[in-house]
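[1] Here is a sequence together with a model predicted from it:
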Amino acid sequence: MAQAPLNYLGMDSLRSLDRRSLERLGADLDSWDSVDTFACFLSGPCWREKQISAEDVHEWAASNNRWWRRSALVSTVHLNNKARGGSGDPVRTLAVCKLLLNDRDDMVVKAMSWALRELVKHDANAVQEFLELHLDTLTARVVREVSNKLNTGLKNPRR
């Protein structure tokens, strides 16, 4: 018997989360692992299920706090990761990526690469167009890792 999308964690309480409750839960985000856990298991699923809006995530992307900016990008992973219930969402994913194009914080740059590489699996053409359009703005890491993913299917292919 199929379960509802948000019930796969066995946490019916996930359905009750909104922006305010997510921001309370994320108040102490202070590392890449705390952010990635928060975004992959809480904010990403809530966004996919439209419990929070794109505007909410965009406000996180505009935050002065690096961890909220990373949370915005990592929340897109859930939209695009088939194993996590995602079916591909280039519009929402690329909108967040565009907001953070000029961010040079390493934690945000790495999340940008991850977000785009995850989207490649669903819409390689959209990612390729985004890469070409913003080639002069994106960091070398993002261009290299996403180009590798587009060309070889791997982030870092063996030499």
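    Yep, it's here. Residues are numbered from 1 along each chain as shown.
[2] where does this structure dip in pLDDT?
    1-11 (pLDDT under 70).
[3] redo that, cut-off 50
    1-4, 6-10 (pLDDT under 50).
[4] Run through the helices of it in chain order.
    With DSSP state H as the criterion, the chain has helices at 19-25, 32-38, 44-48, 54-61, 66-80, 90-99, 106-133, 140-152.
[5] Put together TSV for these, with mean neighbour count and distance to residue 12 on each row.
    Just so you know, the C-beta spots here come from the backbone N, C-alpha and C atoms, and that holds for glycine as well. Output for these, formatted as TSV (neighbours: other CB atoms under 10 Å; distance: least, CB to CB, whole Å):
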stretch	mean neighbour count	distance to residue 12
helix 19-25	15	14
helix 32-38	17	19
helix 44-48	25	12
helix 54-61	18	22
helix 66-80	25	18
helix 90-99	19	25
helix 106-133	19	27
helix 140-152	16	35
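[6] do you know how far residue 61 is from residue 95?
    Residue 61 is 9 Å from residue 95, where distance means CB to CB, to the nearest Å.
[7] Adding distance to residue 13, write the helices of the chain out as JSON lines.
    Compiled in JSON lines, the helices of the chain are given as follows (distance: least, CB to CB, whole Å):
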{"stretch": "helix 19-25", "distance to residue 13": "10"}
{"stretch": "helix 32-38", "distance to residue 13": "15"}
{"stretch": "helix 44-48", "distance to residue 13": "12"}
{"stretch": "helix 54-61", "distance to residue 13": "19"}
{"stretch": "helix 66-80", "distance to residue 13": "17"}
{"stretch": "helix 90-99", "distance to residue 13": "24"}
{"stretch": "helix 106-133", "distance to residue 13": "26"}
{"stretch": "helix 140-152", "distance to residue 13": "35"}
